[in-house]
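> turn this into a structure:
(chains A, B, C and D)
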Number of protein chains: 2
Amino acid sequence: MARRYDPNRRQRIIDAAIAVVGERGIAGLSHRSVAAAADVPLGSTTYHFATLDELLVAALRQSNVVCLAGFARWVDGIDPAAPLAEEVARLVEDTLTGDRRRMELEYELYLAALRHEAVRPIAAECLDEMVRLLGQRIGDLRTARTVVALTDGLVLQHLLTGQPFDPDAVRAGLAGVLG
Amino acid sequence: MARRYDPNRRQRIIDAAIAVVGERGIAGLSHRSVAAAADVPLGSTTYHFATLDELLVAALRQSNVVCLAGFARWVDGIDPAAPLAEEVARLVEDTLTGDRRRMELEYELYLAALRHEAVRPIAAECLDEMVRLLGQRIGDLRTARTVVALTDGLVLQHLLTGQPFDPDAVRAGLAGVLG
DNA sequence: CACGCGTATGTACACCCGTACGCATCGTTG
DNA sequence: CAACGATGCGTACGGGTGTACATACGCGTG
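Numbering: from 1, shown residues only, chains lettered A, B, ... in the order given. Okay, the predicted model is just below:
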């Protein structure tokens, strides 16, 4: 009964959805779990997002924007004097030592995109945009694509195998690619 | 009532589970869907696999063995005379032009492992074993790790963005890594 | 042949889910 | 101020799920 008047409730629902996915994964997303997390009644989530897909897409799209903004900030902060391999290696290291939840969220986006037609464009946009941003910084799209692929693969390997992070290996691999 | 006597029913259930995951994804796995696919009553799946996790793990473990066997076969068939980048590029190409279902299955394993404690060792074993196999072929574990990461990243990028496969880019990137 | 134990079967329970819908409430517009 | 459209709310329905369990069957051992 409280909060009868609640502008941008829609936004709060999206935020709650992101939190739920971050915590329990996409499998844990439901109208009810989101409603509970956002502290709104069930009917509210179904009103703002008629279908669950709609809600999922909205949540992932927003989380995607945040993720890309962070990446863009990193690209902007690249020191043109330093060797690029060094900079990228630091990005990977920062990513790996950072919040595991955030990483899980991003790669879960990929997973959902594999099977889920509606989500695929979001994942594609995320990848393409990262490639574009890095590409216009280093001047070569093809190399940018390779670098993004390599870093994704490395982070994934680390997340799954739990092997310790080896900065030198990253540096060496990148140095080869960036040759 | 038919098939009251049915040895290696357990195996058939596992096969059915793999088929279900391949078709509908891990999200589509349930005791009932597997029972239907294997043409056995529901009680049978719960008898052989008390919990759904148990069934999932058995299925992924088996599919993993198949996948690793294929990889080992490829490693064995590497032509020592040809440049390695060329061989790897062909593997990536074969993977990409091959069955999409198989790829989805493998990456779904990765991403399930992100959230699912019980599945993580399987994904880790898969990655570690590929690195080991390739490493003992090219003599350098660290490089092998990088190559596996790069190919995984590239395949994932292709699956998600649907961008056309560019063999030259793969070759170029690998040539860099492989020095 | 008889018996016992592993296997097979069907059903039942309690839960969670997506979605629909009728009604209450509020801000805004005429 | 009146009325209307947008938003909020609670509940209900039909369906799918994991799991438990009581019962029937049949092969291998004695």
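
> what number of residues are in the vicinity of residue A:59?
27 (other CB atoms under 10 Å in any protein chain shown). Where C-beta positions appear, they are placed from N, C-alpha and C, glycine not excepted.

> next one: whatever helix or strand it lives in to chain centre, how far?
Assessed by DSSP states H and E, residue A:59 sits inside helix A:52-76. Its chain's C-alpha centre and that of helix A:52-76 lie 6 Å apart, by CA atoms, centre = their mean, to the nearest Å.

> hmm, who's touching it?
Helix A:52-76 is contacted by residues A:13-14, A:17-18, A:21, A:26, A:29-31, A:34, A:45, A:48-49, A:91, A:102, A:105-106, A:109, A:112, A:116, A:118-119, A:122, A:125-126, A:129-130, A:133-134, A:137 when judged by CB atoms under 8 Å, 6 or more residues apart in numbering or on different chains.

> in helices only, show me those residues.
A:13-14, A:17-18, A:21, A:31, A:34, A:45, A:48, A:91, A:102, A:105-106, A:109, A:112, A:122, A:125-126, A:129-130, A:133-134, A:137 (DSSP state H).

> DNA strand D next: which of the residues you listed are close?
residue A:48 (CB under 7 Å from any atom of the strand).

> tell me who's in contact with the most centrally placed residue in chain A.
Nearest residue to the geometric centre of chain A (CA atoms, centre = their mean): residue A:106, 3.2 Å. Neighbour list for residue A:106: A:63, A:67, A:126 [criterion: CB under 8 Å, 6+ apart].

> and chain A, which residues reach DNA strand C?
A:4-5, A:29-33, A:42-43, A:46-47, A:50-53.

> PyMOL command for the buried members of the residues you listed?
A single PyMOL command selects the buried members of the residues of chain A next to DNA strand C (16 or more other CB atoms under 10 Å in any protein chain shown):
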select buried, chain A and resi 29+30+31+33
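
> for DNA strand D, what's its nearest residue on chain A.
At 2.5 Å from DNA strand D, residue A:43 is the closest residue in chain A, using CB to the nearest atom of the strand.

> point out the residues in chain A that sit beside DNA strand D.
Counting by CB under 7 Å from any atom of the strand, chain A sits next to DNA strand D at A:1-7, A:9-10, A:40-44, A:46-48.

> now with 6 Å?
A:1, A:3, A:4, A:6, A:9, A:40, A:41, A:42, A:43, A:44, A:47, A:48 (CB under 6 Å from any atom of the strand).

> which element is the third one on?
Secondary-structure element containing residue A:4, defined by DSSP H and E: none, the residue being outside all helices and strands.

> ok, now how distant is it from chain B?
37 Å (CB to the nearest CB, to the nearest Å).

> how close does that residue sit to residue A:10?
Per CB to CB, to the nearest Å, residue A:4 is found 16 Å from residue A:10.

> dump the residue contacts of the residue in chain A that DNA strand C sits nearest to.
In chain A, the residue that lies nearest DNA strand C is residue A:30 (3.3 Å; CB to the nearest atom of the strand). For residue A:30, the contact set (CB under 8 Å, 6+ apart) comprises residue A:52.

> repeat the analysis, applying 10 Å as the threshold.
With contacts defined as CB atoms under 10 Å, 6 or more residues apart in numbering or on different chains, residue A:30 is in contact with A:17, A:20, A:24, A:36, A:42, A:45, A:52, A:55.

> now do the strand or helix carrying residue A:114: distance to the chain's middle.
Using DSSP H and E, residue A:114 sits within helix A:100-115. Using CA atoms, centre = their mean, the mean C-alpha position of helix A:100-115 is found 7 Å from that of the whole chain.

> what average pLDDT does that helix get?
For helix A:100-115, mean pLDDT rounds to 92.

> compute the inter-axis angle for that helix and helix A:52-76.
120 degrees (axes from the mean of the first three to the mean of the last three CA atoms, to 10 degrees).

> and residue A:44, how many neighbours?
20.

> with residue A:91 instead?
Residue A:91: 20 neighbours (other CB under 10 Å).

> same deal with residue A:124?
17.

> any idea how far the closest residue in space to residue A:111 that isn't next to it in sequence is from residue B:47?
Leaving out its chain neighbours, the residue that sits closest to residue A:111 by CB to CB, 6 or more residues apart in numbering or on different chains is residue B:111, at 3.3 Å. Per CB to CB, residue B:111 is found 30 Å from residue B:47.
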